[in-house]
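Engineer: I would like to see how this sequence folds:
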Amino acid sequence: MEVDQEQLLRTITRVVNTLKAAGLRFALAGGCAVYARGGPASDHDVDIFVTEQDAGVARKALIAEGMRAADPPEDWLTKVYDGDCLVDLIFRPNQRPVTPELLDSCDELRVGATAAPVLPATDVIVDKLLVLGPHRCDLTPLLPIARALREQVDWARVERETAGSPYARACLGLLTDLGVKGVSDAEPG
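Structural biologist: Sure thing, here's the model as predicted:
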């Protein structure tokens, strides 16, 4: 379900303030992390990375603030709604656990009316590439994201971490052909 940008920003502010007040470690991820890092705006949902140990506590804290719980069939996240805006509390994206080290690597960035820890651009791109598969292979939304974040991305690390996915390799080849990433990009400074 699409929601407007103002609602997403209100929800981000509400989620960030609630999780900070609860003393939880988390990171803004997905399309909202792309937006926080200067990429295209998200019109979808709010993705928050938490450790598996903190997922239930985070969900309870958000419910206590008036959000409503949703019970997803997936075993790698939990969900709440802030009005019509979906918030995914993700603890195992693409079968990879959210770790304290990943959360340590985040930058505190301004997003709307708040500041939040935001997933590094390299990790955002890795996650977006690892979602690609035989039933989800539309590169259209990924191209402007990669273009917008390209100077923040360690492309060599992206290639290493997605090497097992033929879909990711195909997308990276296209990004190289389009000049979004260089053939031998060095790590960002």
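Engineer: beyond the longest helix belonging to the chain, next helix or strand please.
Structural biologist: Counting by DSSP state H, the longest helix found in the chain is helix 5-21. As assigned by DSSP states H and E, the chain's next helix or strand after helix 5-21 is strand 27-29.
Engineer: got the buried residues for that next one?
Structural biologist: Neighbour counts using 16 or more other CB atoms under 10 Å place 27-29 of strand 27-29 among the buried residues. No exception for glycine: its C-beta is placed from N, CA and C like everyone else's.
Engineer: quick one, helices of this protein?
Structural biologist: Using DSSP H, helices in the chain cover 5-21, 30-36, 52-64, 100-104, 121-131, 142-149, 155-162, 166-177.
Engineer: now tabulate those helices in CSV and tack on mean neighbour count and distance to Val80.
Structural biologist: Formatted as CSV, the helices of the chain follow (neighbours: other CB atoms under 10 Å; distance: least, CB to CB, whole Å):
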stretch, mean neighbour count, distance to Val80
helix 5-21, 18, 9
helix 30-36, 25, 15
helix 52-64, 17, 5
helix 100-104, 13, 20
helix 121-131, 23, 20
helix 142-149, 18, 25
helix 155-162, 18, 29
helix 166-177, 16, 30
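Engineer: distance to Ala70 and mean pLDDT for those helices - can I get that in a markdown table?
Structural biologist: Formatted as a markdown table, these follow (distance: least, CB to CB, whole Å; pLDDT from 0 to 100):
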| stretch | distance to Ala70 | mean pLDDT |
| --- | --- | --- |
| helix 5-21 | 14 | 96 |
| helix 30-36 | 17 | 96 |
| helix 52-64 | 10 | 98 |
| helix 100-104 | 24 | 98 |
| helix 121-131 | 20 | 97 |
| helix 142-149 | 26 | 96 |
| helix 155-162 | 30 | 97 |
| helix 166-177 | 28 | 96 |
